[in-house]
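# sequence plus predicted model, see below.
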Amino acid sequence: MARTADEAVARAWDDLVATARRTVTDGLVVGTSGNVSVRVGDTVLTTPSGVPYDRLTPADVLGVGLDGVQVLGDLVPTSELPMHLAIYRTTRARAVVHTHAVHATAVSTLVPELPLIHYMAAALGGPVRVAPYALYGSDELAAHMLTALTDRTGCLLQNHGTVTYGDSLPQAYDRTAQLEWMCQVWLTATAAPHRTPHLLTGLQLAEVGEKLRGYGQRG
């Protein structure tokens, strides 16, 4: 059983590192900003603080318990650990992605909620809220984030970035990418002179949410 658990951790770490590197490749973070985590049992694997993702190896595996006590590795966990743990303690999340994506961060400084510019907001549970600003890595920021995430799987952090979670790393990452894209669409539309973007209604979004329940391949 121990070997099986070790193999699961090793696979999850490889997936985590690959996802973290993708955030850089896709332009969602710069340098070591942002962070990624994945839950394996009661252990949360997370990116370390201040280490470029391209330098991470299988030997650098880093994990903490849900209580925040480090149980794997010697590197210091991400400074945003309180945010990640808050999500795992209060939801069924298996993965969390936090980025400093340009368009999403810009939107976070302009509005308290991303306007309903596109129906894919339904994939995040509804209109995407902006959590009020608080110092990075603080319990206050984690609390603001949880409020913004009520009945949602993603939110914006004011003057900071994005947080999304999902049942897997691919799902959490896809939600991050979708959120950044919607923010870019809204900023692009509002930049058109003498034009006001058409927005969806709550009813229209609810219809999309219902339809998305049957989206994709069955089985």
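Thanks, I have it.
# can you show me the strands along the protein?
35-40, 43-46, 63-65, 70-72, 95-99, 130-131, 154-157, 161-166 (DSSP state E).
# which residue is nearest the centroid of the chain?
Residue closest to the average C-alpha location in the chain (C-alpha atoms, centre = their mean): residue 164, at 2.6 Å.
# returning to what we had before: and residue 189, which of the strands of the chain is closest to it?
Judged by C-beta to C-beta, the one of the strands of the chain that comes nearest to residue 189 is strand 154-157, at 17.3 Å. All C-beta atoms are positioned from the backbone trio N, CA, C, and that covers glycine.
# okay, the closest one in CSV with CA atoms only?
The C-alpha trace of strand 154-157 is given here as CSV (Å, rounded to 0.1, in the frame of the first residue of the first chain):
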residue,chain,number,x,y,z
GLY,A,154,-13.4,30.6,-9.6
CYS,A,155,-13.0,34.2,-8.6
LEU,A,156,-10.8,37.3,-9.1
LEU,A,157,-8.6,38.8,-6.4
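# would you tell me which helix is longest in this protein?
Looking across the chain with DSSP state H, the single longest helix is helix 2-25.
# name the residues of that one that are buried.
9, 12, 13, 15, 16, 17, 19, 20, 22, 23, 24 (16 or more other C-beta atoms under 10 Å).
# likewise stretch 72-87?
72-73, 75, 77-78, 80-87.
# same question for stretch 154-167.
For stretch 154-167, by 16+ other C-beta under 10 Å, it's 154, 155, 156, 157, 158, 160, 161, 162, 163, 164, 165, 166.
# tell me which two of these sit farthest apart.
Every pair of the buried residues of stretch 154-167 checked by C-beta to C-beta; the farthest is 158 and 166, at 22.6 Å.
# can you redo the strands of the chain as CSV with mean pLDDT and distance to residue 195?
Output for the strands of the chain, formatted as CSV (pLDDT from 0 to 100; distance: least, C-beta to C-beta, whole Å):
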stretch, mean pLDDT, distance to residue 195
strand 35-40, 98, 37
strand 43-46, 98, 43
strand 63-65, 97, 48
strand 70-72, 97, 52
strand 95-99, 98, 29
strand 130-131, 98, 24
strand 154-157, 98, 24
strand 161-166, 98, 26
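# nearest to residue 112, out of the ones you listed?
strand 130-131 (5.2 Å).
# by contact count, what packs against the closest one?
The contact analysis (3 or more C-beta pairs under 8 Å, 6 or more residues apart in numbering; DSSP states H and E) places strand 130-131 against helix 139-148, strand 154-157.
# winner for burial among the ones you listed?
Here the criterion is mean neighbour count by mean count of other C-beta atoms under 10 Å, and of the helices and strands packed on strand 130-131 the winner is strand 154-157, at a mean of 27.
# can you list the neighbours in contact with it?
104-105, 107-108, 114, 124-125, 128-131, 133, 141, 144-145, 148-149, 162-165, 175-176, 179, 183 (C-beta atoms under 8 Å, 6 or more residues apart in numbering).
# for this protein, give me the ranges with low pLDDT.
Within the chain, the stretches with pLDDT under 70 are 1-5, 215-219.
# related to what we said a few turns ago, figure out which of the helices and strands packed on strand 130-131 is closest to residue 98.
Nearest of the helices and strands packed on strand 130-131 (C-beta to C-beta): strand 154-157, 8.2 Å.
# good, wrapping up.
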